[in-house]
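Visitor: please work out how this folds:
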Amino acid sequence: MDTVMHLNLRVDRAQYIEQIRQVPGYEYIHMVRQAKYMTDLSLFNKKVYYLNEIFSPAEYVKNNHITLLHAHHAQLGILLLPFKEEMNLPLVTSIRGRDATLADQPIGYLEHIKMLFDQGELFFPVCQFLAEKITDLGCPSDKIRVLYGGVDLNQFVYRSPNQRDSQNIISFGRLVEKKGHLILIRAFHKIRHQFPNATLTIIGSGPLENSINSLATELNLGHSFRFLKQIPKDQVQEELTHADLFCAPSMEASNGDVEGIPNTIKEAMATGVPVISTFHAGIPELITHDKEGILVQENNVDELADAIEFMLNNRQKWETYTLAARQKIEQNFDLNKQLLQQAKYYDEVLGD
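Guide: As a prediction, the model looks like this:
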């Protein structure tokens, strides 16, 4: 069986574990740059290695029967180019968001990514939006294979939307500008007078944590607002079961950073929680406005507030949205189907 050496940013549960460890027909090596990026020790096993501790690439490749390299961000693909050249191994690279832009990139990034496009075998943008972005940067279209991230449908089980009188709004993800949490808090503040029993829960960690808490305090949200930091994945799923609406107000950050398609939206859709999001990046590939959910213009407090108000006033529409959303996930974003597609792309590169 062929072995793929995957280079990832970190070893943690948010970092594409299934796309590394569960590709059918392929063994894996789970590589990160240094030991400090081994952030979830529960995922450590004998197949986890550190790139900076490989002193003889030839011996390492031979001993581990490696036939293919997979970098899970463009920056990591650039890092692997000397290894690829020395070992004469094919390289595929996933494109996940900011790496398809020049946002906050080091000097020389455009030159280096063009080198990656020239020398790499295939590129897996996680949505058509990012495929177009890397085409604009110079990636040959015949090297691009869109590979959507999938959801484990056995883990995220559909249930009908809540029919009780609660109005619990939830959002989770990394606390960075492109996730739009500050916009969501302001939109929630606008609808509070009409829905005094509504609550907003934000789950995550990141550099905007203090800004989020400060804004909630400034707007006097009080007990209507909850912030939960870095809770376990199973607890996030539990929070979803108590949610009435899921909001993902994604937007282009001021530095140009963008999303692909957030997995959090897919998980909410699979679970049967009605979704409000934005016309940002690849999200319209996942949600057709007023079919699988509601989309608004990004970075727009008023439109987001109107969408929340609409959803809370039209509870009878929720099941129509969520059934269509679950069907969309089953058709195009089923983890098992996407892993099989990933294996087929590997086969294509290796000539199997």
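
Visitor: my read: Val273 touches Thr322, true?
Guide: Yes: using Cβ atoms under 8 Å, Val273 is in contact with Thr322, at 7.1 Å. Backbone N, C-alpha and C define where each C-beta goes, glycine included.

Visitor: identify the residues contacting Thr3.
Guide: Residues counted as contacts of Thr3 (Cβ atoms under 8 Å, 6 or more residues apart in numbering) are Tyr26, Glu27, Tyr28, Ile29, Asn64, His65, Ile66, Thr67, Leu68.

Visitor: pick the one among those closest to Ala268.
Guide: Tyr28 (28.6 Å; Cβ to Cβ).

Visitor: so what's that closest one up against?
Guide: Residues counted as contacts of Tyr28 (Cβ under 8 Å, 6+ apart) are Thr3, Val4, Met5, His6, Ile20, Arg21, Lys47.

Visitor: of those, which belong to strands?
Guide: Thr3, Val4, Met5, His6 (DSSP state E).

Visitor: ok, back up a step: mind checking which of Val273 and Thr322 has more residues around it?
Guide: Between Val273 and Thr322, Val273 has the larger neighbour count (other Cβ atoms under 10 Å), namely 27 against 24.

Visitor: what's the closest non-adjacent residue to that one?
Guide: The shortest distance from Val273 to any non-neighbouring residue, by Cβ to Cβ, 6 or more residues apart in numbering, is to Phe246 (4.6 Å).

Visitor: one more: Ile212?
Guide: Using Cβ to Cβ, 6+ apart, the closest residue to Ile212 is His181 (5.6 Å).

Visitor: surely the one you found touches Leu175?
Guide: Yes: using Cβ under 8 Å, His181 is in contact with Leu175, at 6.2 Å.

Visitor: compare those two (neighbour count), which wins?
Guide: Set side by side, His181 and Leu175 show more neighbours around His181, with 28 against 21, by other Cβ under 10 Å.

Visitor: contacts only, for the more buried one.
Guide: Going by Cβ under 8 Å, 6+ apart, His181 touches Ser171, Gly173, Leu175, Ile202, Gly204, Leu208, Ile212, Pro249.

Visitor: buried residues in the one helix or strand His30 maps to?
Guide: In the assignment (DSSP states H and E), His30 maps to strand 27-32. Neighbour-count burial for strand 27-32 flags Glu27, Tyr28, Ile29, His30, Met31, Val32 (criterion: 16 or more other Cβ atoms under 10 Å).

Visitor: same deal with stretch 21-40?
Guide: Buried residues in stretch 21-40, counted by 16+ other Cβ under 10 Å: Val23, Tyr26, Glu27, Tyr28, Ile29, His30, Met31, Val32, Tyr37, Met38.

Visitor: which pLDDT value goes with the closest residue to the last one other than its chain neighbours?
Guide: If you skip the residues right next to it in sequence, Met38 has Val11 as its closest partner in space, 5.0 Å away by Cβ to Cβ, 6+ apart. Here the pLDDT value assigned to Val11 is 88.

Visitor: ok so, going back, quick check, nearest of the buried residues of stretch 21-40 to Pro284?
Guide: Nearest to Pro284 among these, with distances taken as Cβ to Cβ, is Val23, at 28.0 Å.

Visitor: secondary structure class for the closest one?
Guide: Taking DSSP: H, G, I helix; E, B strand; the rest coil as the rule, one finds Val23 in the coil state.

Visitor: strands of this structure, residue ranges please.
Guide: Assigned by DSSP E, the strands in the chain fall at 3-7, 27-32, 48-50, 66-71, 91-95, 122-125, 168-172, 199-203, 225-228, 245-248, 275-278, 294-296.
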